[in-house]
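S.K.: Sequence plus the predicted model coming up.
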Amino acid sequence: MTGWAARHRQAGSGRRPCLVWLHGLLGSGDDWLPVLPYFAGWPQLTLDLPGHGASAALPPQPFAALSAALAQTLRGLDIGDYILIGYSLGGRLALYHACHGQDPRLRALYVEGAHPGLADAPARRQWLRHDLAWARRFAGEPQAAVLADWYRQPVFSDITPMQRADLIRLRAGNFGAGIAAMLMAGSLGRQPDLLAPLRRLTLPFGYLCGAQDAKFSALAEQTRLSWWPIPAAGHNAHRGNPQAFAAQLLSLLAPFE
């Protein structure tokens, strides 16, 4: 598999690890632009996941292969020590990579609104059916029509009609078949339950969540993960309140200064 496309790359100062940013479903490395300026002086890299952006032609693969491809991409770009920061789908991939990727260069893990995995097989099968229904729509219907319904799901209940319209315009240029393929390859129904491996991690880990994201705030409480709420933000906290998101993340990164 060819390496994933690097959307933005920034040299840093000193010996800080590189911040590697992984976007969510329907996004691209550009999604992190609102927060990147807060990390001046840090080496940074944003990547386009398979099926997205400049990596749209790359075939999505199961979690183990995606994790290996991430490591390969970073080696190809001569990235040494790095810290993973992932949102939603990108966060779930980051969780898997930290738990199963066995990459000694990974120094820390911070995720936003990312599910650690479903504990039982019936729940995973049910979620897989849920994602299959959406994948069929993304592959076979006009993107704007599918997105209009996608952004009415309960997890996006905090966004206003104007914000929903902006997201639809922003995402409507995606290649529907690629999104569908990545949705199925990276389905929560195909993700192993990572909660126990997460609790065994020895590297620094943090879970960031929009304070208005009721679903993932409750999940963080239930799973007893170390988590930090981002005020005045919903599921996509780095978009909803980039300044607060960056301030919290910078405080977590302080030991690496």
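M.R.: Okay, I see it. Numbering: from 1, shown residues only.

S.K.: Helices along the protein, start to end?
M.R.: For the chain, the helices identified by DSSP state H occupy 63-76, 89-100, 121-140, 143-150, 161-171, 176-185, 195-200, 214-223, 237-240, 242-253, in order along the chain.

S.K.: So which of those helices is nearest residue 44?
M.R.: For the helices of the chain, distance to residue 44 was read as C-beta to C-beta. The smallest value, 11.6 Å, belongs to helix 242-253. All C-beta spots, glycine's among them, are computed from the backbone N, C-alpha and C.

S.K.: what's the closest one packed up against?
M.R.: Secondary-structure packing of helix 242-253 (3 or more C-beta pairs under 8 Å, 6 or more residues apart in numbering; DSSP states H and E): strand 106-112, strand 205-210, strand 227-230, helix 237-240.

S.K.: one more time with 10 Å
M.R.: strand 82-87, strand 106-112, strand 205-210, strand 227-230, helix 237-240 (3 or more C-beta pairs under 10 Å, 6 or more residues apart in numbering; DSSP states H and E).

S.K.: and it with strand 205-210, angle?
M.R.: 170 degrees (axes from the mean of the first three to the mean of the last three C-alpha atoms, to 10 degrees).

S.K.: lowest-confidence helix or strand of this structure?
M.R.: Across the helices and strands of the chain, the lowest-confidence element by mean pLDDT, DSSP states H and E is helix 214-223, at a mean of 91.

S.K.: Reformat the helices of the chain as TSV; add distance to residue 16 and mean neighbour count.
M.R.: Putting these into TSV (distance: least, C-beta to C-beta, whole Å; neighbours: other C-beta atoms under 10 Å) gives the following:
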stretch	distance to residue 16	mean neighbour count
helix 63-76	16	18
helix 89-100	18	25
helix 121-140	37	15
helix 143-150	36	17
helix 161-171	31	14
helix 176-185	30	21
helix 195-200	24	14
helix 214-223	27	16
helix 237-240	20	25
helix 242-253	8	18
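
S.K.: Mind putting those into CSV with distance to residue 47?
M.R.: Written out in CSV, the entries for the helices of the chain read as follows (distance: least, C-beta to C-beta, whole Å):
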stretch, distance to residue 47
helix 63-76, 7
helix 89-100, 9
helix 121-140, 21
helix 143-150, 22
helix 161-171, 18
helix 176-185, 13
helix 195-200, 22
helix 214-223, 23
helix 237-240, 15
helix 242-253, 18
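
S.K.: Identify whichever of the ones you listed lies nearest to residue 6.
M.R.: Each of the helices of the chain has some distance to residue 6 by C-beta to C-beta; the shortest is helix 63-76, at 8.0 Å.

S.K.: and stretch 149-165, how far from the chain's centre?
M.R.: 18 Å (C-alpha atoms, centre = their mean, to the nearest Å).

S.K.: How about stretch 122-141?
M.R.: What separates the centre of stretch 122-141 from the centre of its chain is 19 Å, taken as C-alpha atoms, centre = their mean.

S.K.: Send over that stretch as CSV, restricted to the C-alpha atoms.
M.R.: Included here for stretch 122-141 are C-alpha records, laid out as CSV according to Å, rounded to 0.1, in the frame of the first residue of the first chain:
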residue,chain,number,x,y,z
PRO,A,122,-24.1,-8.7,19.2
ALA,A,123,-23.5,-5.0,19.7
ARG,A,124,-20.7,-5.1,17.1
ARG,A,125,-23.0,-6.9,14.6
GLN,A,126,-25.7,-4.4,15.1
TRP,A,127,-23.3,-1.5,14.6
LEU,A,128,-21.9,-3.2,11.4
ARG,A,129,-25.5,-3.3,10.0
HIS,A,130,-25.9,0.4,10.9
ASP,A,131,-22.7,1.3,9.1
LEU,A,132,-23.6,-0.9,6.1
ALA,A,133,-26.8,1.1,5.6
TRP,A,134,-24.9,4.4,5.6
ALA,A,135,-22.2,2.9,3.3
ARG,A,136,-24.8,1.9,0.8
ARG,A,137,-26.1,5.5,0.8
PHE,A,138,-22.7,7.1,0.5
ALA,A,139,-21.9,4.8,-2.4
GLY,A,140,-25.2,5.2,-4.3
GLU,A,141,-26.8,8.6,-3.6
